[in-house]
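> Sequence below, structure please.
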Amino acid sequence: MDKRNFVCDYIENNRNIFIDAANAVWGFAEAGMKEYKSAEYLVKVCKDNGFKVTEGVAEIPTAFVAEWGEGHPIIGFLAEYDALPGLSQEGCCNVHKPLDEANTAYGHGCGHHLLGAGAMAGAFGLKEYLEKNNIKGTVRYYGCPGEEYGSGKAFMARAGLFDDVDACFTWHPGDRNEIVTGGSLACYSIFFKFTGKTAHAAGAPHMGRSALDACELMNVGVNYLREHVIPEARMHYAYTDVGGIAPNVVQDHAGLHYFVRAPRVADMMAILERIKDIAKGAALMTGTSVQDITHEALSDFVPNDTLNVMAHKALTEVGLYDLDDADLEMAKSFREAVTDEEVANSVREFKTTYGIDLSGNLFNRQISPLKNIELASKGSTDVGDTSYCTPTVQFHVATQIIGTPGHSWKITGQGTTSYAHKGMLTAGKAMALAGIYALEDPELCKKARIELDSKTNGGYKCPMPADLKPTL
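Purely as a prediction, here's the structure:
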């Protein structure tokens, strides 16, 4: 049996299942950790197609595990389905048309509606292959909430849900076709709340202890710290509380929200401790007290070279989807909404990475060569926590035109186009084929696990406190 043709034919013949799922989740457009309708829809589709589903895992109502088959090898597929605030947009429309007047509604400006449905196509394709050929093994489709907000996979990893998986696959929409060979930044989200003593700022300032001053001093301290950490580290902050609007009152409460990022989770945790010390110093200098409250945390992504070679083979064998006249007409309309600078930036980054010039192209029609990259992403993803638990592969497949800016309404608008759906189905085919190759080659999975253990020093340590509950 031709494995490639089998999964491609199955997914094409059942394309409406996955397109309908993507469009439904696009329409729900729910916040992270609150994707109730999206999870309910995806769970029903899984049950209707023979999967046994466990809902509410890791103490998250919208997290679930759908499973078919029995025994090892166990092949996992990661789904996401959360949206972003302020990014609602009319589908297939190249002019900014939010679906609400206030422009605060959520929209799929990162394409997670496609991600979840594409992973479903991969899982269903592998299940069909095993069932038709009477092959032993287990297929798992993980419903992972809160990638943008909530770090759902980190809580799922902490709960041990990925520990027995032999190989895991996921993907992300974008404007490239590639296997992710580089890491990402681990990220820690933490709040600092300072408490002081109020007083009349003119009449008795000496009686006050300013929490706002403490925040200011903390930020100054962290700014000095930037010179003395690894250059790849990032520290971002925002005020969550400025103590009120009256300058003639000494502020007795004020707060900050910090993101701390680094290429490896161990570096992130070390920097975090230094920031906590700075907060304590700021409190000491101002006569205030400080409380730090962890919100969430996630690990860096650990690429697996062993599985990446096989996954690149699968993506190359599946190939890219065909574009018809309707696709090109729609793409040209969106090119009017994407700036020349955004296109040039994407073209430049791709040329710098792969030496391939995409100038003058609407779409990226290249499957990128497999090239090891030390740090591919300057962002963060909780897929990293999964990758510490089990060998994990991330695909990228183009679902939007070159230069479409991330986390934008322009992604939301392209999220219901036919070429976005074609990209999603292509990702599903490639993941299903890679799943077959992994399942039928236990030695490959064993080698991938040895590689993972060598890179992680033997295991996963969740960066979050053991008693931290998901933010729902």
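> Keeping just the C-alphas, turn the host helix or strand of C215 into CSV.
Per DSSP states H and E, C215 falls inside helix 211-225. The C-alpha trace of helix 211-225 is given here as CSV (Å, rounded to 0.1, in the frame of the first residue of the first chain):
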residue,chain,number,x,y,z
ALA,A,211,4.5,51.6,46.3
LEU,A,212,4.7,53.4,43.0
ASP,A,213,8.3,54.5,43.9
ALA,A,214,9.0,50.8,44.5
CYS,A,215,7.8,49.9,41.0
GLU,A,216,9.9,52.7,39.5
LEU,A,217,13.0,51.6,41.3
MET,A,218,12.4,47.9,40.4
ASN,A,219,12.2,48.8,36.7
VAL,A,220,15.4,50.8,36.9
GLY,A,221,17.1,47.9,38.6
VAL,A,222,15.9,45.5,35.9
ASN,A,223,17.1,47.9,33.2
TYR,A,224,20.6,47.8,34.7
LEU,A,225,20.3,44.0,34.8
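> so how far is that helix from its chain's centroid?
Computed by C-alpha atoms, centre = their mean, to the nearest Å, the chain-centroid distance of helix 211-225 equals 30 Å.
> who touches it?
Residues outside helix 211-225 that contact it (C-beta atoms under 8 Å, 6 or more residues apart in numbering): 192, 194-196, 235, 237, 239, 242-243, 251-256, 258, 271, 274-275, 278-279, 281-283, 285-286, 288, 290. Yep, even glycine has a C-beta here, placed from its N, CA and C like the rest.
> Stretch 447-461 now?
157, 166-167, 265, 299, 302, 304-307, 385, 387-391.
> now that we have the residues you listed, which one has the most neighbours?
Counting neighbours by other C-beta atoms under 10 Å, S299 comes out on top of the contacts of stretch 447-461 with 34 neighbours.
> Against L307, how distant is that residue?
Distance, S299 to L307, by C-beta to C-beta, to the nearest Å: 18 Å.
> Kindly report the same for Q366.
Distance, Q366 to L307, using C-beta to C-beta: 22 Å.
> do the same with I373
Distance of I373 to L307, given as C-beta to C-beta: 16 Å.
> ok, now D241?
As judged by C-beta to C-beta, D241 and L307 stand 45 Å apart.
> pLDDT averaged over stretch 395-402 - what is it?
Averaged over stretch 395-402, pLDDT sits at 98.
> for A254, what are its contacts?
Going by C-beta under 8 Å, 6+ apart, A254 touches 193-194, 196, 210-212, 214-215, 239, 241-243.
> Out of the residues you listed, which is nearest to C93?
Nearest to C93 out of the contacts of A254 is Y239 (C-beta to C-beta; 35.7 Å).
> So that closest one lies in a helix, does it not?
No: assignment of Y239 by DSSP: H, G, I helix; E, B strand; the rest coil gives strand, placing it outside any helix.
> where in the stretch 251-400 of the chain is pLDDT low?
Applying pLDDT under 70 to the stretch 251-400 of the chain picks out residues 375-376.
> Tell me which stretches of it form strands.
253-262, 289-298, 392-398 (DSSP state E, counting those that start in this stretch).
> what's the spacing between the first one and its chain's center?
With C-alpha atoms, centre = their mean as the basis, the distance from the averaged C-alpha position of strand 253-262 to the chain average is 21 Å.
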